[in-house]
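Participant: Have a look at this prediction, sequence included:
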Amino acid sequence: MAAAVMAHPLEPRDRDRRVYNPTVVDKGFAAPLASVESLSDVVREAGLVAVGRPSPRSLREPSSGADSGRWSPSTILEVTDPSLSDGSGGGASSGIDTASLSGTSAPHAGAPLTAMNVEDAAEAETLPSLGWPPGPSDSPGGGFPGGLGGHEVDGCWGDRIVKPAVDEPLNLSFHKLSYTVSSRLRLRWEKRRILDGISGEFKAGQLTAIMGPSGAGKSTLLDVMSGYTSSGVHGRLLVNGTARDSRTFRRQSVYIQQDASLHPQLTVSEAMNVASVLKLGRRGPEIDEVLYSLGLLEHRDTMTSRLSGGQLKRLATALELLSNPPVMFFDEPTSGLDSSTTKQCVGVLRRLARQGRTVVCTIHQPSATVFEMLDQLYLVVGGRCAYSGHTANLLPYLAGLGLRCPPYHNPADYALEVAGGEYGDFSEELVKASENGRCVMWTTTYTTRQQEGHRQQQALEVAVEGPSSNKLSRQSSSVASSSSQSEQRRCDRTKLTYPTTFWLQLYVLLKRTFLKGLRDRMLCHSRLYIHLVAGLLIGVLFLDIGGDAAHVFHNFSLLFFCLMFLMFTALSAMILAFPLEMPIIAREHFNRWYSLKSYFLAVTMADVPLQGMCVCVYTVVVYYMTAQPMEPLRFLQFLLICSLVSFVAQSVGLAVGAAMKVEHGVIFGPLVILPFTIFSGYFVIQRDAPTKMQWLFAASYLKYGLSGSMLAVYGYGRAPLERCSDDYCHFKRPEKFLHELDLDRGNYWQDAGILFLIGSVLRLSAYFVLKFRLRRFRQ
Ligand SMILES: Nc1ncnc2c1ncn2[C@@H]1O[C@H](COP(=O)(O)OP(=O)(O)OP(=O)(O)O)[C@@H](O)[C@H]1O
């Protein structure tokens, strides 16, 4: 029997009665002490019907209207005072109708909840809504009703609600899956099979852990299942029984890798905003909701670089959770976490699963408590399946093979010891017994099988009595219509490659890259100062030589040095742009935040203002101090040529950075551009070079830079130089000097055009190299 009491749960008079007041929920937790996360605790502490033990009604009635997809307060709790219940101690739960767990009316309708026990399902379905929208963000408590100010949330984030249940549960299965790589062994390419014909199923609503000894193939299996690795994979991958379409599946799943690669220069909320706009096309209320549910709300203004390891992992999950994906893969989400944080982390994964998601993770040596929190275990040994089934069935399974776990021994440890060969080599027996993952008899518990039987019995009754005679049929028809709607939504989504347009992606990524650049003050300022200081030094060294006919060769050296300097600074600024971000690009691009095109364009465009400023500062200082001709057109032409040379050098840097690792790029980059200096026309004039080497001059972009800058300074009918600090100046007339250097027939605009062309082609190549590298990076 349900009872709604109009008082705060912690008010003394009600504390005595131990009754929770649902109206507090309705009012958005306005009461000072009832913070949202403590709701379940309050109920538990109060000795009431646990959150995981709702009434049948609360299980069946999702909220409607504007709040659909979430659970309205009325469905959160219909709290029953045990004293008023039937005395079974289970309160309303004692009356749970197992049919209500069939998933027909639940938010994860259609998801087979075969291995979920009653409590688990109830836990999933009675998770309270956060009552969005929250109050003003500057309110105490971070804008959440009920207030979180000063509340230590880190300790209980595993107990919180996360995103609303998914509307499209997906069961993944794989049959005879193999993955082979070719590796080079003593000048020979050898094929190595890492996954060997394994099968299995990862169900919606369940938390599946992949375990096994080191090197068994756990991460590889996750890579293959998530689609992160696709070449070299053979076998059948199915989603809800039909062949997996990799493009569609990428829209439905996210993969959170072991090393949470995030942008250290952004705060938590900035990172969430970027993810939200890219994934949802807007900055939504989901941000605070998700942050809250993962215990990060009070850290939202913290720089990502200052987060702890566990917080980083949670942030990585929060970023992907924004799009409410039905399938989530986690590679070792608990590595590096202490036991308490590990428990919280697995708690979050379990909750994500309970809301209808398919959650698969790899895990190393879970404690007995953590192991109990898992639903399904997929044990891998040498790329084959040693066990696939419910965690509760592991020990009976092993016992059936004569492998008895010692009393008080952690089952997870025992399984790993067996798999690792500590009790002898049982791998063949295990693989045989599990039929390499095909055997499904261990996937359900005894209790669940009973529930399953009960549900089938009910379905049979409905079929006999007719479709309209039972509420189950009504639920079924609503499921049918919702599944056709979700089918429609799926079709709509299939047309889109990314959630947002190219231009929005470009805008967001540009903004993010700018922000990161500005935050990296050291790099940003030092680049500017280096150009200024170098300009001043060169200016002093070559002071006033520009108009002196006795120093034309010195001026020639000066112009060449200017190009060299700008070339190296531009190259080194861009050479690290991609290698350092490769893990981040791989994650974000794979999880469909943006296309590679928009990322590439944003990164290359974002550096333009800073590099432009650097070139301007340097050029203005040097041009003025060395007394080059004070004609605006000549100055602009010189500036343009300098900018184009740095554009080309940036493109070389991007291409080298895209193709190589950081350590290789730093060494190899300067080596790539050195040959261009030899054939620039400074050391050897083109007409004096052997005929067979003439083409190398044509390929040297520095030659066009030097030719262009000389023409800008001395070309186009410049008047004879007025000053001559020597007794005799042979090159008083600039055209005579240009003729000496074989530049008198040169064309400035042609040089500028060729430089632009070379820069663009190199940039395009950098894009394709990056695309290729990204593919290789995922293998
Ligand atoms: N691209 C590859 N080329 C060659 N060998 C590979 C490749 N990918 C994986 N392997 C090998 O496959 C085996 C399984 O690797 P995987 O990373 O999946 O193991 P794991 O079970 O996750 O190990 P750990 O628990 O230590 O992380 C390892 O021996 C690894 O060296």
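Facilitator: Arrived safely, thanks for sending.
Participant: May I have the residues that are in contact with the closest residue to Gly717 other than its chain neighbours?
Facilitator: Leaving out its chain neighbours, the residue that sits closest to Gly717 by C-beta to C-beta, 6 or more residues apart in numbering is Glu735, at 8.0 Å. C-beta: built from backbone N, CA, C; applies to glycine. With contact taken as C-beta atoms under 8 Å, 6 or more residues apart in numbering, Glu735 is in contact with Tyr714, Gly715, Gly717, Arg718, Asp744.
Participant: mean confidence for stretch 360-378?
Facilitator: Taken as a whole, stretch 360-378 carries a mean pLDDT of 91.
Participant: now do the same end-to-end measure for it.
Facilitator: 10 Å (C-alpha to C-alpha, to the nearest Å).
Participant: now swap in stretch 243-256 and tell me
Facilitator: 23 Å.
Participant: Please write out the alpha-carbon positions of whatever helix or strand the residue nearest to Gly717 lives in in PDB.
Facilitator: Assigned by DSSP states H and E, Glu735 falls within helix 734-740. The C-alpha trace of helix 734-740 is given here as PDB (Å, rounded to 0.1, in the frame of the first residue of the first chain):
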ATOM      1  CA  PRO A 734      69.200  47.500 -58.900                       C
ATOM      2  CA  GLU A 735      68.400  45.800 -62.300                       C
ATOM      3  CA  LYS A 736      72.100  45.100 -62.700                       C
ATOM      4  CA  PHE A 737      72.100  43.300 -59.400                       C
ATOM      5  CA  LEU A 738      69.000  41.300 -60.300                       C
ATOM      6  CA  HIS A 739      70.700  40.400 -63.600                       C
ATOM      7  CA  GLU A 740      73.800  39.200 -61.700                       C
END
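Participant: ok, and does whichever helix or strand comes after that helix reach over to the ligand?
Facilitator: The helix or strand immediately downstream of helix 734-740 is helix 748-777, counting by DSSP H and E. No: against the ligand, helix 748-777 shows no contacts by C-beta under 6 Å from any ligand atom, the least distance being 9.6 Å.
Participant: Can you give me the distance of the residue nearest to Gly389 when sequence neighbours are not counted to the ligand?
Facilitator: Nearest non-adjacent residue to Gly389, counting by C-beta to C-beta, 6+ apart: Trp442, 2.6 Å away. Distance from Trp442 to the ligand, counting by C-beta to the nearest ligand atom, to the nearest Å: 21 Å.
Participant: Val662 now?
Facilitator: From Val662 to the ligand the distance is 20 Å (C-beta to the nearest ligand atom).
Participant: Can you tell me how far the residue lying closest to that residue once chain neighbours are set aside is from Arg776?
Facilitator: In space, and not counting its chain neighbours, Val662 is closest to Pro579: 4.2 Å by C-beta to C-beta, 6+ apart. Separation of Pro579 from Arg776 (C-beta to C-beta, to the nearest Å) stands at 13 Å.
Participant: Could you do Val552 as well?
Facilitator: Noted for Val552: a distance of 51 Å to Arg776, by C-beta to C-beta.
Participant: Over to Phe756?
Facilitator: Distance from Phe756 to Arg776, by C-beta to C-beta: 30 Å.
Participant: quick one, which of those two is more surrounded?
Facilitator: Phe756 (15 against 9; other C-beta atoms under 10 Å).
Participant: which residues does that one contact?
Facilitator: Phe756 neighbours (C-beta under 8 Å, 6+ apart): Leu644, Phe647.
Participant: just Leu755 next, same as before
Facilitator: With C-beta under 8 Å, 6+ apart, Leu755 has these contacts: Ile641, Leu644, Val645, Phe647, Val648, Tyr701, Tyr704, Gly705, Gly708.
Participant: Which pLDDT value goes with it?
Facilitator: pLDDT at Leu755 comes out at 96.
Participant: Ok, the one 3 residues further on next?
Facilitator: Here, the pLDDT recorded for Ile758 equals 94.
Participant: Measure how buried the closest residue to it other than its chain neighbours is and give me the count.
Facilitator: Leaving aside its chain neighbours, Ile758 sits nearest to Tyr701 (4.8 Å; criterion: C-beta to C-beta, 6+ apart). The tally of other residues near Tyr701 (other C-beta under 10 Å) stands at 27.
Participant: Now do the same contact list for Tyr701.
Facilitator: By C-beta under 8 Å, 6+ apart, the contact list for Tyr701 reads Val645, Val648, Phe676, Ile754, Leu755, Ile758, Gly759.
Participant: what does Leu711 give?
Facilitator: The contact partners of Leu711, by C-beta under 8 Å, 6+ apart, come to Gln637, Leu738, Leu743, Gly746, Asn747, Tyr748, Asp751.
Participant: Tabulate these (JSON lines), appending neighbour count and pLDDT.
Facilitator: Formatted as JSON lines, these follow (neighbours: other C-beta atoms under 10 Å; pLDDT from 0 to 100):
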{"residue": "Gln637", "neighbour count": "22", "pLDDT": "96"}
{"residue": "Leu738", "neighbour count": "22", "pLDDT": "91"}
{"residue": "Leu743", "neighbour count": "23", "pLDDT": "87"}
{"residue": "Gly746", "neighbour count": "17", "pLDDT": "86"}
{"residue": "Asn747", "neighbour count": "13", "pLDDT": "92"}
{"residue": "Tyr748", "neighbour count": "19", "pLDDT": "94"}
{"residue": "Asp751", "neighbour count": "25", "pLDDT": "95"}
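Participant: And the residues you listed, which is closest to the ligand?
Facilitator: Among the contacts of Leu711, Asp751 lies closest to the ligand (C-beta to the nearest ligand atom), at 46.1 Å.
Participant: Now do the helices in the stretch 551-700 of the chain.
Facilitator: Secondary structure of the stretch 551-700 of the chain (DSSP state H, counting those that start in this stretch): helices at 552-575, 582-590, 596-606, 608-625, 632-659, 662-678, 694-699.
Participant: Any buried residues in the fifth one, and which?
Facilitator: Neighbour-count burial for helix 632-659 flags 634-635, 637-659 (criterion: 16 or more other C-beta atoms under 10 Å).
Participant: so is Ser725 in a helix, a strand, or just coil?
Facilitator: Classification of Ser725 by DSSP: H, G, I helix; E, B strand; the rest coil places it in coil.
Participant: List the single closest residue to it in space, sequence neighbours excluded.
Facilitator: In space, and not counting its chain neighbours, Ser725 is closest to Ala550: 4.5 Å by C-beta to C-beta, 6+ apart.
Participant: can you count the residues close to the one you found?
Facilitator: By other C-beta under 10 Å, 18 other residues sit near Ala550.
Participant: Please list all residues in contact with it.
Facilitator: Counted by C-beta under 8 Å, 6+ apart, Ala550 has contacts Arg723, Cys724, Ser725, Asp726, Cys729.
Participant: Please apply the same query to Glu332.
Facilitator: For Glu332, the contacting residues are Ser219, Gln258, Cys361, Thr362, Ile363, His364, by C-beta under 8 Å, 6+ apart.
Participant: and with 10 Å instead?
Facilitator: The contact partners of Glu332, taken as C-beta atoms under 10 Å, 6 or more residues apart in numbering, are 210, 218-219, 222, 256-259, 313, 361-364.
Participant: Show me those that map onto strands.
Facilitator: Among the contacts of Glu332, the members found in strands (DSSP state E) are Ile210, Ile256, Cys361, Thr362.
Participant: who wins for neighbours among the residues you listed?
Facilitator: Ile210 (29 neighbours).
Participant: Look up how far Leu374 lies from that one.
Facilitator: In this view, Ile210 and Leu374 are 10 Å apart by C-beta to C-beta.
Participant: Mind listing the shared neighbours of the two?
Facilitator: Residues touching both Ile210 and Leu374 (C-beta under 10 Å, 6+ apart): Cys361, Ile363.
Participant: Cys724 and Ile545 touch, don't they?
Facilitator: No: the criterion here is C-beta atoms under 10 Å, and Cys724 misses it with Ile545 at 12.0 Å.
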